[in-house]
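Chemist: all I have is the shape, not the residue letters:
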């Protein structure tokens, strides 16, 4: 492997990794010694500076990772303000509705009501700060409980949970209880 | 803002975003018109090629995103820190193909075409975020309708649904296109 | 021996397929009965519009016999197709009424037509699936960024997390859920009709005590549910396997008949 290619591979690995990558890992994949890896990393960062790139590689406690350069922070701030998130999907909305009315509730209980796996909508809701973990339920496996957050109230313009509109409470308690205990 | 700085900002924005960024968003942040943004994007990719970088900008799911160049895939597969989902099964692919072309479609309609139950491939696809519920169909039982998501486009590296391969008389219905642009 | 429908096929067929392991590898690759059927047609290089139904049905049944049916749902789908094929076969072998004119001849529908249409539609789905698989393999060589420190990761908490959704949408979503839940609960509350394969086997044998031969189509007449058809068909396969009955085509009458094994 020539020098240029080694740099490209190094760059690609650090870029695609979900966590900082250590010199040891880089050395194993590239089949190069630690010293060479460190030399390559230094050259990459020099390239980024010379070419006025918007990012560079930074060493943190656990290894190397990409960060954007601080001088572009203002623009990245703007990115936050652009309303670029897609609206909540129907699936996420249904999951949120169940959590709002039945909190605290476990994933398995939500899945019983919705009849499908809810991993992906749960992580969307967690990521968007609409729900949070609320301890664990007693019982086998001690599953995680979920509840809505303060932000949830804020986004829907509610003072507190009592302000949630009442949805045919009788059906709610009769039918859902049966369904949940049947599990 | 000069040309070089505009390029660096553009690069930083796309680099920092975990989701594809649209030309519209880039144009709003940089306060530049669409044409200029597209020209800058093209120049950036040319730079990456000339400098033999490990990654470049790719258009996917109606937006732009940094991805590693395919020639380095073999090295990336060696890194455990790269999260990878297993490829879809043949059964799941068949179900997904039918949904992609016939959306919105009910489970029963998919089962008629495939000749088997599709419960398990539907829940796999829902869980992986490749499809989502799209309301209910009028008629007896008001069955749930399904459609593909933005992540579906991302997963297959498609710019939009028009890039789906053309197969005989299987064409996307118009309804769907209106549906997605309204999103 | 009284198996409920949900357990019998799996256990039974599993036990006797040890020596046929080579077939199972191939069979595992089929995603459904249409996939298997299409494979048989393509392998034989025959015209899809003119399927030699007798041959193909026999081959389909032969595959089925060697199949390890892990999943009852899937097993049922294959068996249902086998029943469909045998019914088409029976219809094709029936003596046709003499037709007076060419119009009448044209009006007479080929019993294979519906199956051909389904096969063609399925074939397209399979083609698209293959193309998607190619795109998947291609797309998997591009790796997106998944880590690093970027301000974007904090966007979630600050931008509009719900988009255009209002409180009203949330309530509606919940009401709709409850509404959809009610019929499901009612359905689940109904006792499921059980079709024991042993019962179905007994029924067939009892029938053969009364008459020497039973027409294939008569076995299924009066069965209204998918489950009943499947159980009845499984019972027939089991009886054939146990050498208790014999399935023949009587050319005089053209129908497939089931008779006692005279061994």
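Modeler: Looks like it arrived, so ask away. Note that the structure is a prediction, hence the values are computed from the model and not measured. Numbering: from 1, shown residues only, chains lettered A, B, ... in the order given.

Chemist: so the nearest residue to residue C:214 once chain neighbours are set aside: helix, strand or coil?
Modeler: In this structure, residue C:214 finds its nearest non-sequential neighbour in residue C:258, 4.8 Å apart by CB to CB, 6 or more residues apart in numbering or on different chains. From N, CA and C alone the C-beta is placed, and that goes for glycine too. Counting by DSSP: H, G, I helix; E, B strand; the rest coil, the backbone at residue C:258 sits in strand.

Chemist: quick one: least confident helix or strand in chain C?
Modeler: helix C:155-158 (a mean of 35; mean pLDDT, DSSP states H and E).

Chemist: pLDDT on stretch A:103-123, on average?
Modeler: Computed over stretch A:103-123, the mean pLDDT rounds to 83.

Chemist: likewise stretch A:52-63?
Modeler: 82.

Chemist: could you do stretch A:132-144 as well?
Modeler: Average pLDDT, stretch A:132-144: 87.

Chemist: ditto for stretch C:213-223
Modeler: Mean predicted lDDT for stretch C:213-223 stands at 68.

Chemist: just to revisit the earlier point, contacting residues for the residue nearest to residue C:214?
Modeler: If a contact means CB atoms under 8 Å, 6 or more residues apart in numbering or on different chains, then residue C:258 has C:204, C:208, C:213, C:214, C:215, C:216, C:219, C:236, C:245, C:246, C:247 as its contacts.

Chemist: who wins for neighbours among these?
Modeler: Counting neighbours by other CB atoms under 10 Å in any protein chain shown, residue C:236 leads the contacts of residue C:258 with 25 neighbours.

Chemist: which stretch of helix or strand covers that residue?
Modeler: Per DSSP states H and E, residue C:236 falls inside helix C:226-241.

Chemist: what about residue A:132, distance to residue A:161?
Modeler: Going from residue A:132 to residue A:161 by CB to CB, to the nearest Å gives 14 Å.

Chemist: list the buried residues for the helix or strand that contains residue C:75?
Modeler: Under DSSP H and E, the secondary-structure element containing residue C:75 is helix C:72-93. Residues of helix C:72-93 classed as buried by neighbour count (16 or more other CB atoms under 10 Å in any protein chain shown): C:72, C:74-93.

Chemist: what comes up buried for the lengthiest helix in chain A?
Modeler: Secondary structure assigned by DSSP state H gives helix A:34-50 as the longest helix of chain A. Residues A:37, A:38, A:40, A:41, A:44, A:45, A:48 are the ones in helix A:34-50 that count as buried (16+ other CB under 10 Å).

Chemist: tell me the pLDDT at the third one?
Modeler: If I follow you right, that is residue A:40. 96.

Chemist: ok, it - contacts?
Modeler: A:3, A:6, A:7, A:10, A:32.

Chemist: also near chain C: which of the residues you listed, exactly?
Modeler: The subset of the contacts of residue A:40 within reach of chain C, counting by CB under 8 Å from any CB of the partner chain, is empty.

Chemist: between those, which is nearest chain C?
Modeler: residue A:10 (13.9 Å; CB to the nearest CB).

Chemist: state the number of residues packed around residue A:70.
Modeler: When neighbours are counted by other CB under 10 Å, residue A:70 registers 8.

Chemist: quick check, pLDDT for it.
Modeler: So residue A:70 comes in at 74 (pLDDT).

Chemist: can you check residue C:122 too?
Modeler: With respect to pLDDT, residue C:122 scores 93.

Chemist: what does residue A:165 give?
Modeler: At residue A:165, pLDDT is 71.

Chemist: do residue A:83 as well
Modeler: 48.

Chemist: after the longest helix of chain A, which helix or strand is next? Please name it.
Modeler: Moving toward the C-terminus from helix A:34-50, the next element (DSSP H and E) is strand A:55-60.

Chemist: neighbours of residue A:67, how many?
Modeler: 16.

Chemist: and it, that's in a strand?
Modeler: Yes - applying three-state DSSP, one finds residue A:67 inside a strand.

Chemist: I'd say it and residue A:58 touch.
Modeler: Yes - with contacts defined as CB atoms under 8 Å, residue A:67 counts as touching residue A:58 at a distance of 4.7 Å.

Chemist: good, wrapping up.
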